[in-house]
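Participant: any chance you could fold what I've pasted below:
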Amino acid sequence: MAAAQGIFFYAAGVVAAIIAAAILTWPSRLAYLSGAGISLALIVLWAVFRIVPPPGAETAEVVDLIGVLTKATELVAAAACIVLWLRARRTRQPDRIESQTS
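Facilitator: Below is the predicted model of the structure:
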């Protein structure tokens, strides 16, 4: 069981790192949405496993300070990605309006 959880967290960390690199090197609406998506998915998964036991465990996991701080950080990251996505949407809308009037 511990190996499966380790592999999952390793994969989630790699995906999050790839998305962060994409945001830094190729900022786009897709990258921002991906960043928000992975962060929110990890928050939801964490919350679910506080209610029901994860696969292979007999009891649900407990809420601890490290987990809460981690989820708070992920929530800030998701909010930042959403703000960047909204800003990217606003800056592209005038282009569409100009092309329609031309």
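
Participant: from here on, contacts and neighbour counts on C-alpha atoms
Facilitator: Fine.

Participant: what's the helix or strand for Gly56?
Facilitator: In this assignment (DSSP states H and E), Gly56 forms part of neither any helix nor any strand.

Participant: and it, backbone torsions?
Facilitator: For Gly56, the backbone dihedrals (degrees, to the nearest 10) come out as phi 90, psi -10.

Participant: can you count the residues close to it?
Facilitator: Counted with other C-alpha atoms under 10 Å, the neighbours of Gly56 add up to 10.

Participant: neighbours around Val76, how many?
Facilitator: Per other C-alpha under 10 Å, the neighbour tally for Val76 reads 14.

Participant: just say helix, strand or coil for it.
Facilitator: On the three-state scheme (DSSP: H, G, I helix; E, B strand; the rest coil), Val76 is labelled helix.

Participant: list the buried ones in stretch 15-23?
Facilitator: Counting neighbours by 16 or more other C-alpha atoms under 10 Å, one finds that the buried residues in stretch 15-23 are 16, 19-20, 22-23.

Participant: same question but for stretch 30-50, I mixed them up
Facilitator: For stretch 30-50, using 16+ other C-alpha under 10 Å, the buried residues are 31-40, 42-43, 46, 49.

Participant: got the phi and psi for Pro55?
Facilitator: Note on Pro55: its backbone torsions stand at phi -50, psi 130 [degrees, to the nearest 10].

Participant: Phe49 and Leu24: what is the separation?
Facilitator: Distance from Phe49 to Leu24, counting by C-alpha to C-alpha, to the nearest Å: 32 Å.

Participant: and the buried residues of stretch 15-23, which of them are in helices?
Facilitator: Applying DSSP state H to these, the entries found in helices are 16, 19-20, 22-23.
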